[in-house]
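Asker: here's my sequence, what's the structure:
(2 chains)
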Amino acid sequence: MEELNMRMILFYVFSFIMVASALGVVLHRNPVKSAMFLVSFFVGLAAMYALLGAEFLAVVQILVYVGAIMVLFLFVIMLISVREENFESPGSNLGRTAATVLLIGAFAVQFLVMARVFTAGPGINASRPYHGSLGQTGKIIEGNVELLSFKLFQGYLLPFELISIVLLVAAIGAVVLAKKNRRKLQ
Amino acid sequence: MNNLQNIHHSMPIVSQVPILYVIGLVLILFSIGLIGVLSRRNVIVIFMSVEMMLNSVNLLFIAFARLYGDLGGEVMVFFVMAVAAAEAAIGLALVIALHRNYKTVDMAEVAELKQ
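Answerer: Here you go, the predicted model:
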């Protein structure tokens, strides 16, 4: 269709890494190794963000997911004693398989519809600058981080503050849930 | 700055990733996460699969933000990341509480609500 350029080669490489890591997460019996595959998935995803021109979110992805969330996951996995799971479970019954097949079929149909909508798909040009709001000074701003900060703190200030309250409530709730309950009845 | 931009624009190959490829990749990743949620029994692996699904949707947001040149998609990714972090904290606290009360993280053995 077109010549393979460097960006497409990188896209294929990171796609392969991400799909393989996702399969590793789902298919591996040991949860610790699943977590390691998930780290690989997140790093591949950060590389894909950078490839699509969202450098700031790539860095945030590494910091938040690989740095914070995966450490949390690994802490919990190590805290509770993990067993290797055997897959011949009563949980994998016919209805569940049917639901999975149906949903994936729905996704395939959706992909075909998308293929009709985006025929000869417009490419994502990662080197084209955004035409976002440039602030009230009218200054021309280059660079993802500055534009994103303008967009975030001008257009989305209230959701930003609300999401901080959500995080605070989640932190308090996590402490309350994980705390040992001394007044337990049994 | 200007000089740098000139270098950037005069690269010999116009580098574009077709949006359809990104959509296909995202659907594949989301489906794998969905299979994980539906078929695994370890609740931690289920949480990991949910994280994978959220992240694949983030990739789609970024791709369309770049396609239409609108940064609203990237802001939305920001919020999804924050909600995912909150979800991970709450979910793992629930896993710890579950393990304290039931001594297991196997969802097939935690069936109290069914009875």
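Asker: neighbours of the residue in chain B positioned nearest to chain A, how many?
Answerer: Scanning chain B for the residue nearest chain A gives residue B:16, at 2.7 Å (criterion: CB to the nearest CB). Heads up, the C-betas are built off the backbone N, CA and C, glycines and all. Other residues lying near residue B:16 total 18 when counted by other CB atoms under 10 Å in any protein chain shown.
Asker: which other residues reach the longest helix along chain A?
Answerer: When chain A is parsed with DSSP state H, its longest helix is helix A:94-117. Defining contact as CB atoms under 8 Å, 6 or more residues apart in numbering or on different chains, one finds that helix A:94-117 is touched by B:20, B:23, B:24, B:27, B:30, B:31, B:34, B:35, B:38, B:39.
Asker: repeat that for 10 Å
Answerer: Contacting residues not belonging to helix A:94-117 are listed as A:92, A:121, B:19-20, B:23-24, B:26-28, B:30-32, B:34-35, B:37-39 [CB atoms under 10 Å, 6 or more residues apart in numbering or on different chains].
Asker: just to revisit the earlier point, got a pLDDT number for the residue of chain B closest to chain A?
Answerer: pLDDT, residue B:16: 73.
Asker: helix, strand or coil: sort out residue 36 for me.
Answerer: The chain I'm using is chain A. helix (DSSP: H, G, I helix; E, B strand; the rest coil).
Asker: think we crossed wires, I meant chain B
Answerer: Three-state call for residue B:36 (three-state DSSP): helix.
Asker: how far away is the closest residue to it other than its chain neighbours from residue B:70?
Answerer: Once flanking residues are discounted, residue B:36 sits nearest to residue B:49: 3.1 Å by CB to CB, 6 or more residues apart in numbering or on different chains. Here the criterion is CB to CB, to the nearest Å. By it, residue B:49 lies 30 Å from residue B:70.
Asker: so if I had to pick from the two, which one is more boxed in?
Answerer: Using other CB under 10 Å as the criterion, residue B:49 and residue B:70 rank with residue B:49 on top: 24 against 15.
Asker: which phi and psi does that one have?
Answerer: Phi and psi for residue B:49, reported as degrees, to the nearest 10, are phi -70, psi -40.
Asker: repeat that for residue B:106.
Answerer: Main-chain torsions, residue B:106, degrees, to the nearest 10: phi -90, psi 120.
Asker: tilt between the helix or strand harbouring residue B:22 and helix A:94-117?
Answerer: Element membership for residue B:22, per DSSP states H and E: helix B:19-39. Helix B:19-39 runs at 170 degrees relative to helix A:94-117, counting by axes from the mean of the first three to the mean of the last three CA atoms, to 10 degrees.
Asker: from the chain's centroid, how far away is helix B:19-39?
Answerer: 10 Å (CA atoms, centre = their mean, to the nearest Å).
Asker: what's around residue A:153, how many residues?
Answerer: Number of residues near residue A:153 (other CB under 10 Å) recorded here: 11.
Asker: and the pLDDT for it?
Answerer: Confidence at residue A:153, expressed as pLDDT, is 87.
Asker: ok, back up a step: could you list the buried residues of the longest helix of chain A?
Answerer: Applying a neighbour-count criterion of 16 or more other CB atoms under 10 Å in any protein chain shown, the buried positions in helix A:94-117 are A:100, A:104, A:107, A:111, A:114.
Asker: cool, and stretch A:29-40?
Answerer: For stretch A:29-40, the neighbour count (16+ other CB under 10 Å) marks A:31, A:34, A:35, A:36, A:37, A:38, A:39, A:40 as buried.
Asker: name the helices or strands packed onto the longest helix along chain B?
Answerer: Of all the segments assigned as helix in chain B under DSSP H, the longest by residue count is helix B:72-102. Using 3 or more CB pairs under 10 Å, 6 or more residues apart in numbering or on different chains; DSSP states H and E, the elements in contact with helix B:72-102 are helix A:55-61, helix A:70-79, helix A:144-150, helix A:157-178, helix B:43-68.
Asker: near chain B at all, stretch A:16-36?
Answerer: Yes. Under the criterion of CB under 10 Å from any CB of the partner chain, chain B is reached by stretch A:16-36 at A:16, A:18-19, A:21-32, A:34-35.
Asker: sorry, back to before: need the max-distance pair from the buried residues of helix A:94-117.
Answerer: Using CB to CB, those span at most 20.9 Å, a distance reached by A:100 and A:114.
Asker: list buried residues within the contacts of helix A:94-117.
Answerer: A:121, B:19-20, B:23-24, B:26-28, B:30-32, B:34-35, B:37-39.
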